[in-house]
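> I need the structure of the sequence given here:
(one chain, ligands or ions: 1)
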Amino acid sequence: MKYLSLYCGKTMPALGLGTWQATEDVLEKALNLALNIGYRHLDTALLYDNEKIIGKVLNEWLSSDKINRNDLFVTTKLPPIAMYKEKVFNYFQKSLTNLNLSYVDLYLLHSPLGIKNVPQNKEDVVMDPNVNHLEIWKEMEKIYEKGLSKSIGVSNFNKEQIINILKNCKIQPSCLQLELHLYQQQKELVEFCKRNNIVVVAYCPLGSPGLKTYYEENNKKIEIPNLFENEAVKEMALKYKKSPAQILLRHAIDKGIGAIPKSSNENRLQENLDIFDFSLEEKDVIVLNGLDMGEKGSLTEWEPWGWL
Ligand code: NDP
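Numbering: from 1, shown residues only. Down below sits the predicted model:
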């Protein structure tokens, strides 16, 4: 495993387990498998509606001394509905209680946007683009200072929004979690974060094949590119005797970026972890870097997907 050093002094396993779209029995089984084979970094969010099951599994492992709390790295996130200073701590506590932990390792603002109302369904959502990031960040700092989250950070924030926090904070963000994969490599933001000691963590590092189901369930027809079918990736998979997924993950990790692929499948969980016994040649890295499509490569839409 490779580790990334966070600004606040903690280290984060570069490869973690994503858990969006994983709930109940499937997640319980997957998490036990993942912990058994060595995953120690878990990514969740209040919105994924799976913190309780994660808390249950972690409690079983921790209370039977199968794992040491210091070796675990647990991330969760403040939902857009709580992007108001008076709500931050209450929502944080909900997550902490759900997770059955006395602290988390990283607490993130899930999105720079807020949701103004308490919507019953997606059509009712009233987005709030004018939430006060600085007020909210002060509440995040209090959580950090109480030792309830060992580091704090942001997700889906752009450069200007991060600069605003950097210029006005007591404790700077340790991490930016964002959509990052072969077709959207976020080169400028990654450079900016490096210069400012902010660790970047890639979500959708495999191109989120599960997003298709999500869009279909929401009656949307959107073509999701299949990164595993990219010719260069397929050729490299043959050359290195690895899978396309492993090529994609190694490409991100080699740049000092964290990655949190989600899987509920035993073989794929193992496959995604087995990326530390090879490295990509410089000429192949150049080819993969050249496949970036910038903003056009984005898979996600700016709408409250999965945010209710
Ligand atoms: P990923 O790119 O991780 O893709 C996950 C999908 O790929 C699943 O459908 C999984 O299916 C499949 N898969 C996993 N491994 C392999 C493999 N080796 N070969 C083929 N298919 C594979 O997308 P996610 O959208 O899940 O993103 C990762 C994580 O990032 C999320 O789970 C979540 O924790 C976080 N996230 C954060 C967001 C934010 O706003 N901060 C937004 C979106 C995600 P299967 O389970 O069947 O293996």
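
> which stretches of the protein form helices?
Along the chain, the segments classed as helices by DSSP state H run 24-37, 51-63, 85-99, 133-145, 159-168, 187-195, 211-217, 231-240, 244-253, 266-273, 282-289.

> These into JSON lines, with extra columns for mean pLDDT, mean neighbour count and distance to Val125?
Just so you know, the C-beta spots here come from the backbone N, C-alpha and C atoms, and that holds for glycine as well. Conversion of the helices of the chain to JSON lines gives the following (pLDDT from 0 to 100; neighbours: other C-beta atoms under 10 Å; distance: least, C-beta to C-beta, whole Å):
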{"stretch": "helix 24-37", "mean pLDDT": "96", "mean neighbour count": "17", "distance to Val125": "25"}
{"stretch": "helix 51-63", "mean pLDDT": "97", "mean neighbour count": "18", "distance to Val125": "22"}
{"stretch": "helix 85-99", "mean pLDDT": "98", "mean neighbour count": "17", "distance to Val125": "16"}
{"stretch": "helix 133-145", "mean pLDDT": "98", "mean neighbour count": "18", "distance to Val125": "19"}
{"stretch": "helix 159-168", "mean pLDDT": "98", "mean neighbour count": "14", "distance to Val125": "20"}
{"stretch": "helix 187-195", "mean pLDDT": "97", "mean neighbour count": "15", "distance to Val125": "26"}
{"stretch": "helix 211-217", "mean pLDDT": "78", "mean neighbour count": "14", "distance to Val125": "16"}
{"stretch": "helix 231-240", "mean pLDDT": "98", "mean neighbour count": "15", "distance to Val125": "36"}
{"stretch": "helix 244-253", "mean pLDDT": "98", "mean neighbour count": "24", "distance to Val125": "31"}
{"stretch": "helix 266-273", "mean pLDDT": "98", "mean neighbour count": "17", "distance to Val125": "33"}
{"stretch": "helix 282-289", "mean pLDDT": "98", "mean neighbour count": "13", "distance to Val125": "37"}
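
> would you list the ones you listed in JSON lines and tack on distance to the ligand?
Putting those into JSON lines (distance: least, C-beta to the nearest ligand atom, whole Å) gives the following:
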{"stretch": "helix 24-37", "distance to the ligand": "7"}
{"stretch": "helix 51-63", "distance to the ligand": "11"}
{"stretch": "helix 85-99", "distance to the ligand": "14"}
{"stretch": "helix 133-145", "distance to the ligand": "15"}
{"stretch": "helix 159-168", "distance to the ligand": "14"}
{"stretch": "helix 187-195", "distance to the ligand": "14"}
{"stretch": "helix 211-217", "distance to the ligand": "6"}
{"stretch": "helix 231-240", "distance to the ligand": "11"}
{"stretch": "helix 244-253", "distance to the ligand": "3"}
{"stretch": "helix 266-273", "distance to the ligand": "4"}
{"stretch": "helix 282-289", "distance to the ligand": "16"}
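
> among those helices, which is nearest Asn70?
When the helices of the chain are compared by C-beta to C-beta, helix 51-63 sits nearest Asn70, at 10.8 Å.

> Go ahead and name everything in contact with the closest one.
Residues lying outside helix 51-63 but in contact with it, judged by C-beta atoms under 8 Å, 6 or more residues apart in numbering, are 19, 23-24, 27-28, 31-32, 35, 42, 44-45, 67, 69, 72, 74, 76, 95, 98-101.

> Just want the most central residue of the chain.
The structure's the chain has its C-alpha centroid closest to Tyr203; by C-alpha atoms, centre = their mean the separation is 4.8 Å.

> May I have stretch 271-287 as CSV, with CA atoms only?
As requested, C-alpha coordinates have been extracted for stretch 271-287 and formatted as CSV (Å, rounded to 0.1, in the frame of the first residue of the first chain):
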residue,chain,number,x,y,z
GLU,A,271,-8.1,-6.8,-8.3
ASN,A,272,-8.4,-3.1,-7.4
LEU,A,273,-6.1,-3.6,-4.4
ASP,A,274,-3.4,-5.5,-6.4
ILE,A,275,-1.9,-2.5,-8.1
PHE,A,276,1.2,-2.0,-6.1
ASP,A,277,3.4,-4.8,-7.7
PHE,A,278,3.9,-3.0,-11.1
SER,A,279,4.5,0.5,-12.4
LEU,A,280,3.7,2.1,-15.7
GLU,A,281,6.6,3.1,-18.0
GLU,A,282,7.0,6.8,-18.6
LYS,A,283,5.9,6.5,-22.3
ASP,A,284,2.7,4.8,-21.3
VAL,A,285,2.0,7.5,-18.7
ILE,A,286,2.4,10.1,-21.4
VAL,A,287,-0.2,8.2,-23.6
